[in-house]
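# This is a predicted model, with the sequence first.
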Amino acid sequence: MERPAMKMVLLTAGTRGDVEPFFALARAAAARGHQVRIAIPENSGADTAGLDTVSLRMDFARLVSDQGVSPRAAARTFRTTIRPAVGQLLSAAVEHIVAFAPDVVVYHPKVLSAPAAAQRLGIPAVLVETVPTLTPTREFPSPIISTGSLGPLNRASYAPARAATLMFRRELQAALDLLPPGRTPATETRATLIPASSHLLPRPADWPASVHLTGHWADKPAATEIDDELAAFLDGGDVVYAGFGSMKAGDARERGTAIIEAARRNGLRTLVAKGWGGIEVPPAVMGGDVLVRESVAHHMVLPRAAAAIHHGGAGTVHAVARAGVPSVVVPFIADQPFWGAVLHRRGLGPQPVPYRKLTADRLARALSEARSCRNQAAHTGELMRAEDGTPVAFGVLENLAGT
């Protein structure tokens, strides 16, 4: 029996890798006849075409541009910059939920006010962990704590992330004060969706039944044209893609030089996506074997690359693996070392090279090792291209909205 259309509000926060899975879910929901509004950060960089979007009034791009990804910089500006920005985000989220009056609220962990607002209004709330940092398991530690097993401490390692609301309790209360008075039913987050591929991260046996590893959420590729210059470059010989997305830390020029030199030692041409400033290519190392762009369409470029050097964000990890290409992960922060280790264990790339330890020698060795991963990468890519996590997600959402 066909289920009736529902109203969904999706709320996500962070950088492009946090936004794009929600966009894929929103577009798939609209195609199924549901009414969807999605609340997003300012300047996300993602394609909003055809979506009903509203602003969460927080600009993560500006934060990264101003302070990079340094924890020290974040600590220095916590009270003056980060706390007020998060306060605006939490309040905006509550306002959008109230205004839209949805049947279900689907939210990113950073949107701390979403589940409490849904609870106050009696609406089912569904958490989306783009990275499984809140659902404890004995099988591996929290992705933001360690890349290797902590044994009996694996489950305990998830506690710090789950206590993050304490840092913003005043801002959270101020946001909830915007809610109209009403009933406070005993409903909490009803389900958790994890839009990751089981071909990369098998489902832990001890996750509860309310946690659903759906498979990755990816938009159907748009009919993007490659311009003549880019097409000629990709046709000119084996190419390595290099891009660090929203990461910005350390010496970007030195990093760019190391990447070009390492690629040349391996007989590779280099396509550089500068992103938010993580890579700069000095004029002294430019040549006919280097092409620099602000960004490129992953689905058009990655399948034609011999390897991809990237930061290991969840979105890029899935895009590269889906393309069937080996990864050389250069992690910066948070869950990136975890995903780098996952890819290495699955035979999809060499050991990650932390950005602070990046040199031309280390990267050249990693690119050489990546050659032996091509067959496994191609096989995994074939499996992942046959995967679509959005129907699994809708099975959960439609059941909740109908109860």
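Yep, it's here. Source: prediction; values computed, not measured.
# average pLDDT across whichever strand or helix holds Ala263?
Using DSSP states H and E, Ala263 maps to helix 252-265. Confidence for helix 252-265, expressed as mean pLDDT, is 97.
# Repeat that for stretch 76-90.
pLDDT averaged over stretch 76-90 gives 85.
# and Leu230, what does it touch?
For Leu230, the contacting residues are 271, 291, 293, 296, 301, by Cβ atoms under 8 Å, 6 or more residues apart in numbering. Any C-beta I mention is one placed from the backbone N, CA and C, and that applies to glycine too.
# Now do the strands in the stretch 1-150 of the chain.
Using DSSP state E, counting those that start in this stretch, the strands of the stretch 1-150 of the chain run over 7-11, 35-40, 53-55, 104-107, 125-128.
# Point out the most buried one among those strands.
Scoring the strands of the stretch 1-150 of the chain by mean neighbour count under mean count of other Cβ atoms under 10 Å gives strand 104-107 as the most buried, with a mean of 26.
# just checking, what packs against that one?
strand 7-11, helix 113-121, strand 125-128, helix 390-401 (3 or more Cβ pairs under 8 Å, 6 or more residues apart in numbering; DSSP states H and E).
# which residues are in contact with the third one?
Counting contacts by Cβ under 8 Å, 6+ apart, the residues outside strand 125-128 that touch it are 12, 21-22, 104-109, 114-115, 118-119, 134, 187-195, 396-397, 400.
# so where's the stretch 1-150 of the chain uncertain?
Within the stretch 1-150 of the chain, the stretches with pLDDT under 70 are 1-3, 61, 64-75.
# Okay, helices next: where are they in it?
Ranges of helices in the stretch 1-150 of the chain, per DSSP state H, counting those that start in this stretch, are 16-31, 60-67, 71-76, 83-100, 113-121.
# buried ones in the last one?
Same thing as helix 113-121. Using 16 or more other Cβ atoms under 10 Å as the test for burial, helix 113-121 gives 113-121.
# Now flag whichever of the residues you listed is closest to Asp47.
Checking the buried residues of helix 113-121 against Asp47 with Cβ to Cβ, the nearest one is Ala114 at 23.5 Å.
# how about the closest one, what does it touch?
Applying Cβ under 8 Å, 6+ apart to Ala114 gives the contacts 11, 93, 97, 105, 107, 125.
# what's the domain layout of this protein?
Listed by automatic domain parsing, the domain ranges of the chain are 7-218+388-401, 228-385.
# wait, which of the strands of the stretch 1-150 of the chain is closest to Gly245?
Taking Cβ to Cβ, strand 35-40 is the member of the strands of the stretch 1-150 of the chain nearest to Gly245, at 16.4 Å.
# Distance check, the residue positioned nearest the centre of the chain against Val317.
The residue lying closest to the centre of the chain (Cα atoms, centre = their mean) is Gly17, at 3.0 Å. Distance, Gly17 to Val317, using Cβ to Cβ, to the nearest Å: 9 Å.
# Same question for His216.
Distance, His216 to Val317, using Cβ to Cβ: 10 Å.
# Let's see which of the contacts of Leu230 end up in helices.
The helices, defined by DSSP state H, take in Val301 from the contacts of Leu230.
# before we move on, back to that, who has more neighbours out of His216 and Val317?
The residue with more neighbours, out of His216 and Val317, is Val317; 31 against 26, by other Cβ atoms under 10 Å.
# Contacts only, for the spatially closest residue to the more buried one that is not a sequence neighbour.
Nearest residue to Val317 in three dimensions, chain neighbours excluded: Trp339, at 4.6 Å (Cβ to Cβ, 6 or more residues apart in numbering). With contact set as Cβ under 8 Å, 6+ apart, Trp339 has these partners: 131, 143, 312-314, 317, 329, 331.
# What about the nearest residue to Ile279 once chain neighbours are set aside, how many residues nearby?
Distances taken as Cβ to Cβ, 6+ apart place Gly256 nearest to Ile279, at 4.8 Å, with adjacent residues excluded. Per other Cβ under 10 Å, the neighbour tally for Gly256 reads 23.
# picking up where we left off before, of the helices of the stretch 1-150 of the chain, which is nearest Leu234?
helix 16-31 (22.6 Å).
# Just want the angle from that closest one to strand 35-40.
For helix 16-31 against strand 35-40, the angle by axes from the mean of the first three to the mean of the last three Cα atoms, to 10 degrees is 170 degrees.
# follow-up on the earlier one: now flag whichever of the buried residues of helix 113-121 is closest to Glu261.
Glu261 lies nearest to Ala114 out of the buried residues of helix 113-121, by Cβ to Cβ, at 46.1 Å.
# what about that closest one, distance to Ala92?
In terms of Cβ to Cβ, Ala114 sits 11 Å off from Ala92.
# Check Leu268 too.
Computed as Cβ to Cβ, the Leu268 to Ala92 distance reads 45 Å.
# Enumerate every residue touching the closest residue to Val290 other than its chain neighbours.
Excluding the flanking residues, the one nearest Val290 by Cβ to Cβ, 6+ apart is Thr270, at 5.0 Å. The contact partners of Thr270, by Cβ under 8 Å, 6+ apart, come to 239-240, 242, 259-260, 263, 289-291.
# rerun at 6 Å
If you count contacts by Cβ atoms under 6 Å, 6 or more residues apart in numbering, Thr270 has them with 240, 242, 260, 263, 290.
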